[in-house]
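Asker: okay, sequence plus prediction incoming.
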Amino acid sequence: EPEVTQTPSHQVTQMGQEVILRCVPISNHLYFYWYRQILGQKVEFLVSFYNNEISEKSEIFDDQFSVERPDGSNFTLKIRSTKLEDSAMYFCASGGQGQEQYFGPGTRLTVT
Amino acid sequence: RKEVEQDPGPFNVPEGATVAFNCTYSNSASQSFFWYRQDCRKEPKLLMSVYSSGNEDGRFTAQLNRASQYISLLIRDSKLSDSATYLCVVNIYSTLTFGKGTMLLVSP
């Protein structure tokens, strides 16, 4: 069964550093998403991406965040200058023509 | 403003029991509805989509009432492996809005 994969599984970084989180969506999916979940809280939408551009983004997704699909398989989330409050689990998801979304295993980001 | 509201639980039930979870959503523009399950520190996994006509998948039955903006999930014959957090999720313009989840603990 095809799966969304994410790397790394855990990233520790210092405040102010840039991080890039990587995702490989399911191969025939066209819609890509990033969500985050702060420990003990609900899953929150960050951004959706379709046809090589952002289609929706939340208030959380400010100028410090960017997404890219650099090639035919990877989908990345960059946080330019990390803050302590960016510490969370970041989930990538992908979807096909239907509205179901399938999540990757997540990257746990710890900002110190 | 709570967009998707769920009872956090936990619901403690013995194996074999039937348990029901409810959820309400505030945005009437919500287009599609899902139940996901999430194990501790893992990703949400799609359990089932929810349709107005009601739908069943094995031991799981989901129901949607658009007029009341209410979604339910019924689990019959609970197994130990059903222990997890169940997330009520609504889709508005291709973005998923999650509830905080209801924790289920199934004991032997």
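Answerer: Received it, and whenever you're ready, just let me know what you need.
Asker: what comes up buried for the longest strand seen in chain B?
Answerer: Counting residues, the longest strand found in chain B (DSSP state E) is strand B:84-92. The neighbour-count check on strand B:84-92 (16 or more other CB atoms under 10 Å in any protein chain shown) flags B:84-92 as buried. Any C-beta I mention is one placed from the backbone N, CA and C, and that applies to glycine too.
Asker: give the rounded mean pLDDT of it.
Answerer: Here strand B:84-92 scores 95 as its mean pLDDT.
Asker: hang on, A:Tyr35 packs against A:Phe45?
Answerer: Yes. Using CB atoms under 8 Å, A:Tyr35 is in contact with A:Phe45, at 5.6 Å.
Asker: overlap of the contact sets of those two?
Answerer: Listed as contacting both A:Tyr35 and A:Phe45 by CB atoms under 8 Å, 6 or more residues apart in numbering or on different chains are B:Leu96.
Asker: quick one on the thing from earlier: out of the buried residues of strand B:84-92, who's nearest chain A?
Answerer: Distance to chain A, by CB to the nearest CB, is smallest for B:Asn91 among those, at 5.2 Å.
Asker: list the beta-bridge partners for that closest one.
Answerer: Going by DSSP bridges, B:Asn91 is paired in beta bridges with B:Ser32, B:Leu96.
Asker: now swap in B:Leu46 and tell me
Answerer: Applying DSSP bridges to B:Leu46 gives these bridge partners: B:Tyr36.
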